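**Q** with the input below, show me the fold.
(chains A, B, C, D, E and F, ligands or ions: 2)
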Amino acid sequence: MTHLMILPVVIPMLAAAWLLVNHRASIGRQRVWSIFSTSVLVALGVWAVVAAQTDYHTYWLGNWQPPFGIVLVLDRLSAMMLLLAALLALFCVLYASRGSDREGSHFHALFQFQLMGINGAFLTGDLFNLFVFFEILLLASYALLLHGGGRARSRAGLHYVIINLLGSALFLLALGILYGLTGTLNMADLAVRIAAASPDDQTLLKGAALLLMVVFGIKAAILPLLFWLPRAYSASSAPVAALFAIMTKVGFYAMVRVLLIVFGLDPAQPLNAGVFLWLWPLALATLGLGAIGVLGAASLRTMAAYLVIMSSGLLMASFAMAETTVLAASLFYLLHSTCLAAVFFLLADLIGRQRSDGYDLLSVTAPLTHRWILGTLFLVAAVSMAGLPPFSGFISKAWLLQNATGHPHYLWLWGITLLAGLFMIAALSRAGSGWFWKPEPFTGRQRRKLDPARVATVSVLIGISGTLALFAAPVMEYMTATAGQLYHPSAYVQAVLGEPATKTGGLTP
Amino acid sequence: MNWLQRWVPHPLFAGFLLLLWLLMNEFSFAHLLLGAVLAVVISRVTQPFWPERSKIKHPGRLLRYLGRLLMDILKSNLIVARRILFYSRQLEPGFFTYPLTLTDDFAVTILASTISLTPGTVSAHYDREGRCLLIHCLHLEDEAALIQDIREHYEKPLQEIFDD
Amino acid sequence: MLPVLGAFASWLLSRRSDGTSIRAHALLAAVAPFTGVLLLASHWPQASDQNALITTVQWIPQLGLDLSFRLDGLSWLFATLITGIGCLIILYARYYFDGKATAPRFFILIQLFMTAMLGIVLSENLLFMLVFWELTSLVSFLLIGFNWSNRGARRGARMSLVITGGGGLALLAGILLLGNMAGSFQLSDILSQGETLKQHSLYPLMLSLVLLGAFTKSAQAPFHLWLPHAMAAPTPVSAYLHSATMVKAGLFLMARLHPALGDTELWFALITVTGMVTLMVGAFVAMFMHDIKGLLAYSTISHLGLITLLIGMGSEMAMAAALFHLVCHALFKAPLFMMAGYVDQATGSRDMQLINGLWRWMPALMIVTLVPAAAMAGLPLMSGYLSKKMLFSESLLVTAPHWADVVIPAWVTVAGLFSVAYSVRIFHNVFFNGQPRDLPVWPPKHKPAAALSPLAILATLSLLVGLAPQWIYDHLVHLAVLQTTVSHLPAYDFSALSDAHTPAMMSLVAMLGGLAVYAARKPLFAIHARLPEVDAKDIFETAMQRTIRFSQTLVYRLENGSLQRYLALILLTTVALVAWSLLGLERWRGPVPLSSLNPLVVFGISILCLSAIGVVLFHRHRLPALLLLSVTGLFVTLTFAWFSAPDLALTQLSVEVMAVVIMMLALSFLPQSSPKESRFPRIARDLFVALAAGGGVAAFTFAVLTRPVNSISDFFLANSVPGGGGTNVVNVILVDFRGFDTLGEITVLGIAAVAVFAFTRNLNLKKRVAESGHAHWVAEPHPVILQMVAHMALPIALLVSAYIFLRGHNMPGGGFIAGLVTAVALTLQYMAGGLVWAQARMRTHFRSLIGAGLMIALLTGVASWLFGYPFLTTTFAHLHWPLIGEFELASALLFDLGVYTTVVGATLLILANLGKLMTIAGPGKEVG
Amino acid sequence: MIEWAVNLAITVFAIAILLNLYRLAIGPDIVDRILALDTLMINSIALIVLFDIRLSLGILFEAAMLIALMGFVGTVAMTKYLLRGDVIE
Amino acid sequence: MELMIAAALGILTTCGVFLILRARTFSVVLGLTLLSHAVNLFLFSMGRLTTGAPAIVGLTESSADPLPQALVLTAIVISFAMTAFVVVLSLKAAVELRNDHVDGENPNEDRL
Amino acid sequence: MTASSMPFVLELVISLFLVAGALFALIGSIGLAWLRDFFMRLHGPTKASTLGLGCLLIGSLLFFSFQRGALSVHEAIVTVFLFVTAPVSAHMMAKAALFRGVDKGGPSRNYPDR
Ligand code: NA
Ligand code: NA
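**A** Ligands and ions are numbered 1, 2, ... in the order given. Model (predicted):
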């Protein structure tokens, strides 16, 4: 048990608390602390990925043995998510430190709280603790969403908050059912007890599983549950929206974790089959709606929000195929889509600041400065996002489609994905030509300065997409192993509970 | 005594807190110590919130006053109960103003509370400038007698306690 | 082959730094393709060998994507065309772009494009080929939109990208299927498995997808629409991409995959029919184009259709004809485009109705144009004549489907007739046909004679092909044909062709008919002009706009900003899914017997429900609803108290009051009541949703409560005292067993408070929504009597909270409740004395308090590392001190102190900031 | 006898609570409702104390104390709101 | 009694859900509060209901399940924080949008 | 309940306190429900209910003091707290009612009008 495992939660919390205690510190100092903390998280993420290569790592909080105490579990998936979140957060905090953190109060403290929540959600092996961390990350996200104020944010924020409160209520209901029938909260223990439950109880437990699917589906943005997202994401400030790119992935992560471990231990009759049955069509519809939304978007931020929806749809649809290889591919796609969605939110801001009018509205033709740099960035990002070669978008999509062929209905996924790709090409080419080709050269007397730090941040983030493509082979290897681990829940159970998972009936002291 | 005043600005009240603590917990030396510490700390921390300069000159008389109040409450509750249950139709409620002689706000508060607790009357408004209390009476027969009664029974003793 | 790519890369880099003359650019740009030609020439021996030359570097083995190149006859032919014509195009562009600032951009893009094109033809790995395939779409998008200030250019670029990009996606699907079926993306593996592939059940789908990709790229009807609009590109681009290279990529792909996928009925039907339609549409429309480039574009479409048709026939001879014509077409179409560009630059127009009789001003141009135009018309002795004759003869050989043996020959003859007509027209209309009219630039500008050199070279080559077809065929095309068919046929015999009778007759018919049609062009144009004008770009744009508008409408209709709708959807989904999952439940009631009813419980629960219903009934009147909500909260508290949960009762109660106070603070800014808005259907819908949700909860409650459970709680009951040092198990769980949850919980509270602070900091309240009372004399801001009692209550409340805090570990209580009691007592001070008064007496900042509380809790947890234990491990000790006696010290108490501090700070921060909104402190000033 | 007394007391308090609820429901003025709620709070303290006796626990004192405190604060908040249109100013 | 509890939770949920489907922020807040009561009671009852047996070691022989109590306590606190947050947010929204509707009428109104 | 071991007199006293308290509280609530105007209704709860609860708490105090064998004064604290706060609550509510002009034409005479 290494204490490094708890640090992804402790470090940001400490940073946030410290920032609150010193709430009078200058913004510069706040930035230093915040960036420092986030950098430490990146280092921890790297450590986690390296450490997770070998085996599961568990951490007994309060030195109480699971299932009684709360346990943290580090496996390949959580390690990867930790690193991804930390990296993304680093870019966001760097970008925000160029000025948007001044628009409201306590940006950095809230940002660190947000990271604490996200990291905790990735690490925890306890279902109720997951709920708590969800609340932390949600509340922090509410606050960050409204950072800077304004009408649009208020309304979108209100919707976002209320819908997620309903989600939290449903989460608690599901937790209640699970506890009421199994008497435990630890995911591994739950898995054991659920697998051993009577068929009658299992029917009720399946209801809980579907409830959880709805809960995570709200966060991960699945079709009838996602309408809060476009406005919420497009209303928030650029670095926040970019960080939010990971939020739907947290929902996806929770879905994967809970459905595969908690409801998937019994290989003969996994309870998650019923969930997958529903997840599949809904996720495909989500994908389709995302594509339509991308085409119909009025601004780049809205478009980016629908791109997030699209990628969520694709992720969940591929997850619903319930196959190891597909999951591996979708995890790769997750990396790609998270980075790219963030890029688009940041780009919208970067471009919007350089346009003389209309910010990122697509309907407005306005001269902009630095057409070349911005245009090139946009082109590369768009190419990667649309899944055109040679960037990660193409690689991940090709791998996903290729691996999906084992599923009986894979042609649906293919068709909708490819059609969505076409929609994306149409929308992005329209946006790009409208912005970079259409307008007259900038004639305003005051040439707006292009912030090199912001550009560098976005460029490096885009560069990650290229790097992912270049070094796809080792990443894919990691993903394959990760998916393998996820589809082997008994190993998880054994790692957490310390005894063979085949023993049924759960643990009693 | 200077340091004592700095540390325990309201010794009487601190003592009251200590007593309260000991009543809440089972008596032990540890609790005595803890209670003392808490009493001192709390009275110091809350000092800024204290009403200005109200000095109880005669704590003993205050206790006697409270004792009599308790009896009055009991007695007059029975009267009110009877009125509510049996004569509610014949009641003739009304307001009247009670001119104050007390000047201390704390004393006035005690008087107003007394009036409210004793049945038949509720103090509805304290007019600080006009130095009077607005009182609602459940059954208002003789206004002057009521004012006299309050003055004799409650206001005079209070004046003695706070003695200004 | 790698040096070619390497050369491009290095060239691209060096390109950036120099901004000198166009000559230098062009020279530099030409280096690579020229090297390429030489390299290809040097590789001819290997290519002529029947075995392909393959180089492979692994990239992503999981994907089957390798950097793998293949050089065989087919790729050699294409690569030579690409690099060779590329050289000439660069030469041409050197003059075309003379004096233009955009030249460097052109050279970069054309180089990139050439790379991509070479990549397509030289890839051994199909996925790798796809990378280049999409790259050509992308670069051509940039090239077509080269003159971006022109609306047509932008639209044309977008259109071509959408169509070819879409085709690329279909191709991706097709190739993935193909790879999946063959188990590899390597061409050598795929080509060797033709029979297996054709037997596969997914063969039709796969073939359709692959062909969709090929057709879109090669502008086959109905995807040909993008090509004419790609003419907005600079002429060198059109000459290169839209005559010689990119559009040939689809043909290349079909030829390449023919051995593996061809010779089936589906192949024949799909490709032949498409080719025929394209051939005819292109030829017919070309006749009526007044724009030179437009005419050339449609003629290109027509010729592409022709080649496609030949590939569709699939016989060895047809393949030979296809590839031969492909070479011919490249050689005559490129110079014609160059001519168009030349004329365009010289006269400022491309409209053949204006441009007439140029022979007098540009005799040299006329001469070099003569050969390609004749070749395009298919005049005898020209390359086009031969290939057309090959086509005619092949068309006669097709007998397989019943309809084909008459239809195809007739069809191609008619198409040939049109092609003669437009070929004659382009030559005659430009150089003769009277005097020029109203040309924008007049007299025409002349370019140096060298500018004509690429035209001349190509015309010469074209002529050579016509004169020595057999040699050309044997040395260039035959090797390629060998790669496209399964059998190893002997070389095509041109002498046999010249003997064939019927094809010659067909040629003659086409020739004479074409001339006749051209002669009758005036009435034909008149008829054509009367036909409704159909602009493909407009169709495409309209379709695009429609789709976009449809998407917008759909999205707005779905995402209409109605929270109610979103919530209802979520709830309905939940109910539906859960109901579905419970269909299989055999019985709701479990084995545990029901417990008897207690009248007290009935009473309490009834009031709980009644008050909740009351809240619903009164919801439009804020204050009464709030009071009823308090009642609900109170009875929830009583329920907890009755069912053995004193801690919960305490917490619920305190929280309830704080929540109500907060709601009341906010209430003053909200309307006091709202009108009745919902109509009956809406209410009915909501009622249905609500009842369904309520029914679900009730059902689950009943089902679970009547079932047995074996909980882990016994562990907590057993270990609370020995392991946690406290008898109040709930509190020990909170600060010890599950202290991590509590840490999270207070974090939530802290975030909420900080967020409230942030929201209210700059909130500007324009008006104050106070009721207009008539009796302000009673409405003093701070009633004296309240103040007195409130101040007295504070120390007592603090003492009580100390009591609750300290005994929480063993009895109901704890840091959280103690914190709330403290906060409530302090709130009372705010209410009694006012914000300014109370704030002046607060000695700390609430935000610091929150931070400090969180840090205390956190550091208590971290401290256990010092003793080698995990985070949040607690310890406790029973100490015995003289005089004091035995007492217990638990580290959990310190943790609880953190909780206490956070709760106090957070609650007060929220209240104070809400309170400040209407006070003199006002917005902008920080409170707490 | 105590048990009997406790049950009787509980019943009486329950009736009292019903009367409070009646007033709470009919008003007519909001002040009446506040008064009703205040009384309801006091009666619930009684219920809590009676639970404590009936269940012989002796641990619900804090709950009683808290209801008293919270009831007071709640009433003050509401009346202040009525008087000033605001609770803290 | 189980039936009674179930019915009560059902009614509470129904009321809460009905209110969150109303068009004004205040009603929604009321609804969320009712819903959180329902959910808390539900989670609480999942530890089964016992009378007169608080989870205090040594007080009574048997003992109620302490774990759901701890969970509900956490849930109550979290929902308190959320309520405070939502109330302030709806206040902010009402001030900035100049009405307390939660139904957006014009989808394009505040895209920017 | 450990009533069996309790002396009868004590049991009687406790019971009397409990029942008396309940009756007082009931009278207060009856007043609340039936009296004609707000200011009259105000009297019932502020006094009768407070006193009723006081009696009840004394009963409880006696009960637990006996049960534990030591003086248990928690209830006394609650009682004192109630007696201190009840008049203030009433005061505030009366103010609010005056402010709003509640029952202005009601039975109460001398309705202040300033
Ligand atoms: Na309340
Ligand atoms: Na009161």
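
**Q** most proximal residue of chain D with respect to chain A?
**A** residue D:88 (20.4 Å; Cβ to the nearest Cβ). In short, each C-beta sits where N, CA and C put it, glycine included.

**Q** could you look up the SS state of that residue?
**A** In three-state terms, and counting by DSSP: H, G, I helix; E, B strand; the rest coil, residue D:88 is coil.

**Q** residue contacts, it?
**A** Contacts for residue D:88 (Cβ atoms under 8 Å, 6 or more residues apart in numbering or on different chains) come out as C:665, C:827, C:830-831, C:834-835, C:911-912, C:914-915, C:919.

**Q** so which of those residues comes closest to residue B:78?
**A** Closest approach between the contacts of residue D:88 and residue B:78, by Cβ to Cβ: residue C:831, at 34.8 Å.

**Q** where does pLDDT dip in chain A?
**A** Scanning chain A with the threshold set as pLDDT under 70 gives A:1, A:442-447, A:499-509.

**Q** show me where it has its strands.
**A** A:57-60, A:71-74 (DSSP state E).

**Q** and the first one, which strands flank it?
**A** Spelled out, it's strand A:57-60. Partner strands for strand A:57-60, per DSSP bridges, with pairing direction: strand A:71-74 (antiparallel).

**Q** ignoring the adjacent residues along the chain, who's closest to the residue of chain B found nearest chain A?
**A** Minimum separation of chain B from chain A (Cβ to the nearest Cβ) falls at residue B:45, amounting to 20.2 Å. Nearest residue to residue B:45, sequence neighbours excluded (Cβ to Cβ, 6 or more residues apart in numbering or on different chains): residue C:798, at 7.3 Å.

**Q** does ligand 2 have contacts with the particular helix or strand that has that neighbour in it?
**A** Element membership for residue C:798 (DSSP states H and E) is helix C:784-807. No - taking Cβ under 5 Å from the ion as the criterion, helix C:784-807 and ligand 2 are apart, separated by no less than 10.8 Å.

**Q** is the following helix or strand past that helix positioned near chain E?
**A** With elements assigned by DSSP H and E, the helix or strand that comes after helix C:784-807 is helix C:815-833. Yes - using Cβ under 8 Å from any Cβ of the partner chain, helix C:815-833 reaches chain E at residue C:816.

**Q** could you check the angle helix C:815-833 makes with helix C:784-807?
**A** Helix C:815-833 and helix C:784-807 are oriented at 170 degrees to each other (axes from the mean of the first three to the mean of the last three Cα atoms, to 10 degrees).

**Q** list the buried residues for the helix or strand following helix C:815-833?
**A** Once helix C:815-833 ends, the next helix or strand along the chain (criterion: DSSP H and E) is helix C:835-841. For helix C:835-841, burial by neighbour count (16 or more other Cβ atoms under 10 Å in any protein chain shown) applies to C:835, C:837-839.

**Q** the helix or strand following helix C:835-841 and chain A, any residue contact?
**A** Sequence-wise, the next helix or strand downstream of helix C:835-841 (DSSP H and E) is helix C:846-866. Yes - counting by Cβ under 8 Å from any Cβ, chain A has neighbours in helix C:846-866: C:847-848, C:850-852, C:854-855, C:858, C:861-862, C:864-865.

**Q** tell me what helix C:846-866 is packed against?
**A** In terms of contacts (3 or more Cβ pairs under 8 Å, 6 or more residues apart in numbering or on different chains; DSSP states H and E), helix C:846-866 is packed against helix A:7-21, helix C:739-761, helix C:891-916.

**Q** ok so, going back, wait, the residue nearest to residue B:45 sits on residue C:825?
**A** Yes - shown here, residue C:798 and residue C:825 form a contact pair, counting by Cβ atoms under 8 Å, at 6.5 Å.

**Q** confirm residue C:880 sits in a helix?
**A** No - with three-state DSSP as the criterion, residue C:880 is located in strand rather than a helix.

**Q** need the pLDDT of it.
**A** With respect to pLDDT, residue C:880 scores 74.

**Q** work out for me the element the residue lying closest to residue C:245 once chain neighbours are set aside sits within.
**A** Nearest non-adjacent residue to residue C:245, counting by Cβ to Cβ, 6+ apart: residue C:117, 5.0 Å away. Assigned by DSSP H and E, residue C:117 belongs to helix C:103-122.

**Q** residues of that helix that come out buried?
**A** For helix C:103-122, a neighbour-count test (16+ other Cβ under 10 Å) marks C:103-104, C:106-122 as buried.

**Q** now stretch C:699-714
**A** The neighbour-count check on stretch C:699-714 (16+ other Cβ under 10 Å) flags C:699-707, C:709, C:711-713 as buried.

**Q** which pair of these spans the longest distance?
**A** C:699 and C:712 (25.7 Å).

**Q** and chain B, which of its residues are near chain C?
**A** So chain B meets chain C at B:13, B:17, B:20-21, B:24-25, B:28-30, B:33-34, B:38-39, B:42-43, B:45-46, B:48-51, B:105-106, B:108-109, B:112-113, B:123, B:125-128 (Cβ under 8 Å from any Cβ).

**Q** specify the local secondary structure of the closest residue to residue D:16 other than its chain neighbours.
**A** In space, and not counting its chain neighbours, residue D:16 is closest to residue F:29: 3.8 Å by Cβ to Cβ, 6+ apart. The assignment at residue F:29 comes out as helix when based on three-state DSSP.

**Q** OK, contacts around residue F:29?
**A** D:15-17, D:19-20, D:39, D:43, F:44-45, F:49.

**Q** pLDDT weak spots in chain E?
**A** E:104-112.

**Q** show me where it has its helices.
**A** E:2-20, E:25-45, E:66-97 (DSSP state H).

**Q** one more: chain D?
**A** D:2-26, D:30-55, D:61-84.

**Q** ok, back up a step: ok now do the residue nearest to residue B:45, which residues does it touch?
**A** B:42, B:45-46, C:822, C:825.

**Q** quick one: it from residue C:103, how far?
**A** Distance check for residue C:798 against residue C:103: by Cβ to Cβ, to the nearest Å, it reads 82 Å.

**Q** next: residue D:65.
**A** 88 Å.

**Q** same check on residue A:347?
**A** Residue A:347 is 29 Å from residue C:103, by Cβ to Cβ.

**Q** go on, residue F:94?
**A** Distance of residue F:94 to residue C:103, given as Cβ to Cβ: 91 Å.
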